[in-house]
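Q: What follows is a protein structure lacking sequence information:
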């Protein structure tokens, strides 16, 4: 188990409003990198997408979901090694789809996001021999 603690006063918040056409994953990764922080996470989000590209559980390929779509949930961690983000979206019939957020998810009308960032911890992604994936490693700063 990897874990660390830090006081809330060591967390900064970054508020973003993405405009039509912005790539959701790319914009989040860019905002985190511009913050200069060593660890980050999604605090809040709302918005819509033109369409979504997700990697469903247990699959290595991308699936594209046509829109318009509402973002109903977005969660995950941000690190200098890249983000690990899960997205759930709903279509006009209220069907919900979810998976790993991939590049290629353009904002339709808006995406309003709050990120929590800190230098009190360091997040990295390193290959885990048990899972075979680059998993989150949490270290104190």
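A: Thanks, I have it. Note that the coordinates shown come from a computational prediction; the quantities given were computed from them, not determined experimentally.
Q: Write down the beta-bridge partners of the residue positioned nearest the centre of the chain, one by one.
A: In the chain, the residue lying closest to the centroid (C-alpha atoms, centre = their mean) is residue 85, at 3.4 Å. Residue 85 has the following beta-bridge partners by DSSP bridges: residue 76.
Q: got it, and residue 117?
A: Beta-bridge pairing of residue 117 under DSSP bridges involves residue 12, residue 40.
Q: Provide the secondary structure category for the residue of the chain most remote from its centre.
A: Centroid-distance maximum for the chain: residue 93 at 24.8 Å, with C-alpha atoms, centre = their mean. Secondary structure, DSSP: H, G, I helix; E, B strand; the rest coil: residue 93 is coil.
Q: Relative to residue 70, how far out is it?
A: 12 Å (C-beta to C-beta, to the nearest Å). C-beta here means a position set from N, CA and C on the backbone, and glycine is covered the same way.
Q: got the contact list for residue 118?
A: Residue 118 makes contacts with 6, 10, 11, 12, 37, 38, 39, 40, 141, as judged by C-beta atoms under 8 Å, 6 or more residues apart in numbering.
Q: one step back: name all residues that make contact with the residue nearest to the centre of the chain.
A: With C-beta under 8 Å, 6+ apart, residue 85 has these contacts: 25, 28, 42, 74, 75, 76, 77, 100, 101.
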